[in-house]
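Sequence unavailable; structure follows:
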């Protein structure tokens with residue numbers, strides 16, 4: 001597929017990487033030339049400089065054909081306007097990111113049925129994980145460079161306190177899944193190898209956490 005992404009935000013860049021890894025062609029629109037220049041050195045994507053809410057800019061990105069338009073700027077109003085423009089330009093599918101819940105009704109009135117709601121989606125996922133739902137994913141990603149990750153406790157930490165983990169900065173344990181129950185962890189609690197711990201991790205430190213805790217907990221099918 002050929003996908004156009006409006007907004008070179010962290011979420012936009014992460015989405016572009018995932019699409020490229022899946023073999024898709026990606027074009028990114030952004031108003032900041034410096035941001036596009038940085039992307040050009042790192043990603044194999046098409047680049048369009050300009051306001052993604054303008055028809056001329058979208059047509060430039062659309063080219064001969066594009067399958068979908070993802071509106072991933074950090075401004076809900078821009079995403080909504082650009083989504084409406086995208087339909088008139090001819091995109092088969094437009095998918096705006098909406099953070100403010102009060103704008104969801106506006107999207108519904110405009111017939112924008114495909115929405116990305118990162119805060120609400122991640123919040124629901126965290127609740128499902130902490131409630132021990134067997135269908136809950138343990139590897140989730142915020143759109144602003146924060147991950148929610150689950151790990152099996154390595155054998156070497158069996159019986160140790162949470163404080164013994166020596167986690168990197170901007171990393172917090174938010175819960176534990178132990179057997180069929182789930183509890184919040186405190187420094188005084190002791191870990192066992194059958195535990196699954198849930199952490200909030202900054203992207204910059206995810207590799208350090210992987211090195212410390214090893215393989216992530218399996219996500220059930």
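Here it is on my side, so go on. Every value quoted in this text rests on a predicted model; they were computed, and no experiment measured them.

dump the residue contacts of residue 49.
Residue 49 makes contact with 29, 30, 31, 33, 36, according to CB atoms under 8 Å, 6 or more residues apart in numbering. From N, CA and C alone the C-beta is placed, and that goes for glycine too.

That one pairs with what?
Taking DSSP bridges, one obtains residue 30 as the residues bridged to residue 49.

Tell me how far it lies from residue 61.
Using CB to CB, to the nearest Å, residue 49 is found at 10 Å from residue 61.

All the strands of the protein, residue numbers only.
2-6, 25-30, 46-49, 68-71, 94-96, 139-141, 146-152, 171-178, 181-183, 195-202 (DSSP state E).

in its sheet, what does the first one sit against?
In this case it means strand 2-6. For strand 2-6, the paired strands and their directions (DSSP bridges) are strand 25-30 (parallel), strand 68-71 (parallel).

Please apply the same query to the last one.
Within its sheet, and counting by DSSP bridges, strand 195-202 is paired with strand 146-152 (antiparallel), strand 171-178 (antiparallel).

ok so, going back, and the strands of the chain, which one averages the lowest pLDDT?
Confidence, taken as mean pLDDT, is least for strand 139-141 of the strands of the chain (a mean of 46).

Take the strands paired with strand 195-202 and lay them out in TSV including mean neighbour count and distance to residue 70.
TSV is the format used below for these (neighbours: other CB atoms under 10 Å; distance: least, CB to CB, whole Å):
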stretch	mean neighbour count	distance to residue 70
strand 146-152	19	20
strand 171-178	18	29
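
and the end-to-end length of stretch 161-168?
Using CA to CA, to the nearest Å, one end of stretch 161-168 lies 16 Å from the other.

average pLDDT for it?
81.

now that stretch, how far from the centre of its chain.
The gap between where stretch 161-168 is centred and where its chain is centred comes out at 26 Å by CA atoms, centre = their mean, to the nearest Å.

sorry, back to before: output the strands paired with strand 195-202 in a markdown table, with distance to residue 164 appended to each entry.
As requested, those are exported to a markdown table (distance: least, CB to CB, whole Å):
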| stretch | distance to residue 164 |
| --- | --- |
| strand 146-152 | 15 |
| strand 171-178 | 12 |
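
Compare the ones you listed and report which one is nearest to residue 192.
Checking those against residue 192 by CB to CB gives strand 171-178 as the closest, at 7.4 Å.

Which parts of the chain are helices?
Secondary structure of the chain (DSSP state H): helices at 10-21, 33-40, 55-62, 76-89, 104-109, 118-130, 206-213.

Just name the most buried of the ones you listed.
When you average the neighbours per residue for each of those (mean count of other CB atoms under 10 Å), helix 76-89 leads with a mean of 20.

what helices or strands is that one leaning on?
Judged by 3 or more CB pairs under 8 Å, 6 or more residues apart in numbering; DSSP states H and E, helix 76-89 is in contact with strand 2-6, helix 55-62, strand 68-71, strand 94-96, helix 104-109.

Contacts for it next, please.
Contacts of helix 76-89 (CB under 8 Å, 6+ apart): 6-7, 52-55, 58-59, 62, 69, 71-73, 94-100, 103, 106-107, 110, 112.

Tabulate the strands of the chain (CSV), appending distance to residue 12.
As requested, the strands of the chain are exported to CSV (distance: least, CB to CB, whole Å):
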stretch, distance to residue 12
strand 2-6, 5
strand 25-30, 7
strand 46-49, 12
strand 68-71, 7
strand 94-96, 12
strand 139-141, 13
strand 146-152, 15
strand 171-178, 24
strand 181-183, 33
strand 195-202, 18
